[in-house]
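>>> Predicted coordinates and the sequence they were generated for:
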Amino acid sequence: MRRSLAGATVAALAATAVAVVVQFAATPATPAAAAASDPYSWKNVRIDGGGFVPGIVFNQTEKNLIYARTDIGGAYRWEQSTQSWTPLLDWVGADKWGYNGVVSLATDPVQTNRVYAAVGMYTNSWDPNNGAILRSTDKGATWQATALPFKNGGNMPGRGMGERLAVDPNKNSVLYYGAEGGNGLWRSTDYGVTWAKVANFPNVGNYRADPNDSTGYQSQNQGLTWVSFDKSTGTSGNATQTIYVGVADKQNPVYRTTNGGTTWERIANQPTGYLAHKGVVDPVGGYLYIATSDTGGPYDGGKGDVWKFSRATGAWTKISPPSDGDPYYGYSGLTIDRQKPNTIMVATQISWWPDAIFWRSADGGATWTRVWDWSSYPNRTKKYKMDISSVPWLTFGANPQPPEETPKLGWMNESLEIDPFDSNRMLYGTGATIYGTTDLTKWDTGGQFTIKPMVKGVEETAVLDLISPPSGASLISGLGDIGGFRHTDLNAVPSMMFTQPVFTSTTSLDYAETKPSIMVRAGNFTASDRPNDRHVAFSTDGGANWFQGSEPGGINNGGTVAASADGSQFVWAPGDSGKQVVRSVGFGNSWTASTGIPANAIIKSDRVNSNKFYGYSGGKFYVSTNGGASFTASAATGLPTVDVKFKALPGTEGDVWLAGEGGLWHSTNSGTSFTKVTSVSTAVNVGFGKAAPGQTYPALFVVGTIDGQPGVYRSDNTGATWVRINDNQHQYGNAGEALTGDPRVYGRVYLGTNGRGILVADRLGGTTTPPTTAPPTTAPPTTAPPTTAPPTTAPPTTAPPTTAPPTTAPPTTTPPPGSGCTATYQVTNSWEGGFQAEVTVRNNGSPTSAWSVSWTFANGQKITQLWGGTYTQSGSSVVVKDAGYNGALGTGASTSFGFLADWSKTNSVPTATCTPTIAR
């Protein structure tokens, strides 16, 4: 944007440590009962990637157990069977949105179901919450958290360094965390439940990217940068004795302990002058490798080296790859081949021109080969070829001149990892995607290995606007960093982002309501970089192709733009401070200033009257009846002043809904007056979709708080009553900047998030409560100032569908509690021809390593989809086995799986039997 100590040692260190014992389960409160719920399925609209992936972490003892962390979009786990990634932090709500910034991640090599994440997005004032260490015993399916007494910076400078969080590979109850912000080194001895500061660690770091930055973003102390254990210096069950710690201090970048943390020292004769981005231990050869750069990155870095430290001799050896004269890059992305530990690789931390560079050595850094070399300039010879057919937009629509190419190998290559079980597989993160290969060793034999996107399931875009027109493509999106897309198939990756022109970020979209093939978009880029491009563009074929007209001078930011109902006029409020609102008759051939409306107002159009436009600024609503030539302020009072989103309803002139600080407001007279919807206490955004069966008024969607419960809601009766359509386990942190229903599919809604991409949600098909015809419960317009409490939202889920109370007989449990494991079968929702069920597996006996559940359907039911396990169905007989990550259950522990199935006439509840495999 953009992871055991001896008793005497523990006692000695605890005496000088500051304990932190602030724990909570990472599950939201019980939903309020006042608003009903409607079961929905949620999934991502596919883009694949779109943001910075600063960390990829392989488990060292379980094959195919891989995690990825992002700077604003949470964490993911790799699914080998589907070659895709599963999101793990979708339960994060708006109250702790910063938890979607993951500064580090660690996977336990002893009990591989355990995984940890250090979370928190900003260390300055932008994030209101302190950071936390999250812990999971089921590979990220569920989490608990320990709050820290300081902030973490998952989206701060230096976020690609690491990993800062590490598990002792010999005594896995012990973890270390190297904090930013001058907060030092922290340790847990109870699997991450409680944490204490290591008071005798001597250096908290001192490097700041820009000490004079008044925002605190560039001026934060980048602190400690990584923790690495030398497994060979411990034995199973006993603490590792040698631990290395990287410090953001150019004169003192590496420290270690050789006695399990009793004492720490600056390693003698170490290299100085650079920051150690990575520290990778080869326990077989007894080496520590470090990759260094002159900045913390991830966007910059111009010098650096690679070094090798021998534990046996204490000698440091400079092993930097040979450069082309004067190197212009630092190093990161350091990895070793665990099958052949003397084989190592390193990447440029940043090399914008002409491309990233990777090096590979088979002799511990004595000699190196490059992934590409110069032949006759500007041509290059390459040891790789790229296949981006699965994500074709990775060319970014570019047509560069040699020696630059598209697609690039990447940029911000902070994480490059060779699979510890497979020398042929390598994954690496970039500023836009995850790339990988499965034939890496062709590098060594003279062939070309193939690099492909391996990013399916990772959706890391920041969504700024969404429109769903009544005809043509289902969805048009405006995105941060990668512009936006036109989706004709929500399940397919589009071939290209918007071009002609390319916007860095698309800030606003609109279509002409009565001629939806006419569209307009506005966006950001630095005008001086591309003087021939404009910040507003038009389409007459539903967004398939775009063209640009003229624009006023001095514009770099898109702001908001609106198309008249018939597409004959456009009004634009550029985003640069003080830039006046302008209008154009036609497609931007010329622009004239609008009068009567403040600069930088929010602009929308009436969806029926082609001469009517609306504006909003500073608590005032403005109306134009002459195509935006002039605006007049409405007399409406008591409206919010910040964080306002408003939209005009299709099909009815003058019908406007406004979401903002303090709730939701409705006008039926073009904003002359507004009525507050009393049931909605906060509203982030509002959108419209197809009317419910038997209704004429469009369905309303709101991200906000209703009856005290944050969530995503739908109303089929003009806001009189609402149903919640998401669940508390899947909230997506910061969501709602973009929201729209689908005018063609009843119940469908599209939700934009800040870091988890675009979500599309559809009803599962349950019975709809007939809407009442009563008017909405509203209060008269108020003149009192609105409240200033920020809205909290509960966005939707990409996990299996949400559940509702059972609609059939109570669940049955067998065998009786206390003997082995039990399986509780529960029908959670039912509709004509189908149903949803959940089975809870509880272990009442000895710890299990695996389990299976079986039952026999009595009425011909047929499973169509199952999550949380693997299943076979032969006729009426069903057997479900654990999914691997949830097979190990301690005494008293439980897990669950769910499924969708077909049924006809009768849906009796079968008796489910659980069979455990006892752990040995």
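That came through fine. Numbering: from 1, shown residues only.

>>> residues near the nearest residue to Gly140 once chain neighbours are set aside, how many?
Spatial nearest neighbour of Gly140, chain neighbours left out: Leu88 (3.7 Å); criterion: C-beta to C-beta, 6 or more residues apart in numbering. (Each C-beta comes from the backbone N, C-alpha and C, glycine too.) As a burial measure, Leu88 scores 26 neighbours (other C-beta atoms under 10 Å).

>>> Surely Asn152 touches Ala179?
Yes. Taking contacts as C-beta atoms under 8 Å, Asn152 lies within contact range of Ala179: 7.5 Å.

>>> about what we covered before: show the pLDDT at the residue nearest to Gly140.
In this model, Leu88 is scored at 98, pLDDT.

>>> neighbour count winner among Asn152 and Ala179?
Neighbour comparison, Asn152 and Ala179: the larger count goes to Asn152, with 33 against 28 (by other C-beta under 10 Å).

>>> Tell me who's in contact with that one.
By C-beta atoms under 8 Å, 6 or more residues apart in numbering, the contact list for Asn152 reads 98, 101, 103, 118-121, 123, 130-132, 179-180.

>>> 6 Å instead, please
Shown in contact with Asn152 (C-beta atoms under 6 Å, 6 or more residues apart in numbering): 103, 118, 120, 131.

>>> ok, the residues you listed vs Ser415, which is closest?
Lowest distance from Ser415 to these (C-beta to C-beta) belongs to Val103, with 12.9 Å.

>>> which non-adjacent residue is nearest the closest one?
Gly154 (4.4 Å).

>>> element containing the one you found?
For Gly154, there is no host helix or strand (DSSP states H and E).

>>> give me the number of residues near it?
33.

>>> I figured it hits Gly101, correct?
Yes. Gly154 is in contact with Gly101 according to C-beta atoms under 6 Å; the separation is 2.4 Å.

>>> Could you pull out the residues contacting both of these two?
Counting by C-beta under 6 Å, 6+ apart, the residues touching both Gly154 and Gly101 are 71, 121.

>>> Compare the contacts of Asn152 and tell me which is most surrounded.
Neighbour tally across those (other C-beta under 10 Å): the maximum, 34 neighbours, falls on Val103.

>>> Could you pull up phi and psi at Gly898?
The phi/psi pair for Gly898 (degrees, to the nearest 10) reads phi -130, psi 160.

>>> Excluding chain neighbours, what is closest to Asp444?
Using C-beta to C-beta, 6+ apart, the closest residue to Asp444 is Ala362 (6.8 Å).

>>> For the one you found, give its distance to Asp422.
17 Å (C-beta to C-beta, to the nearest Å).

>>> One more: Lys408?
25 Å.

>>> Next: Ala691.
54 Å.

>>> what's the answer for Leu165, then?
From Leu165 to Asp422 the distance is 25 Å (C-beta to C-beta).

>>> tell me which element the residue of the chain most remote from its centre is part of?
In terms of distance from the mean C-alpha position of the chain, Thr313 ranks first, at 44.2 Å (C-alpha atoms, centre = their mean). Thr313 belongs to no helix or strand when assigned by DSSP H and E.

>>> and it, backbone torsions?
Backbone dihedrals for Thr313, given as degrees, to the nearest 10, come out at phi -110, psi -20.

>>> Mind pulling the model confidence for it?
At Thr313, pLDDT is 97.

>>> try Gly890
Note for Gly890: predicted pLDDT of 81.

>>> Show the contacting residues for it.
The neighbours of Gly890, taking C-beta under 6 Å, 6+ apart as the test, are Pro847.

>>> switch to numbering from 26
Sure thing, new numbering starts at 26, so read that last one as Gly915.

>>> Kindly provide the distance from it to Ser564.
58 Å.

>>> same deal with Thr529?
19 Å.

>>> same thing with Thr677?
26 Å.
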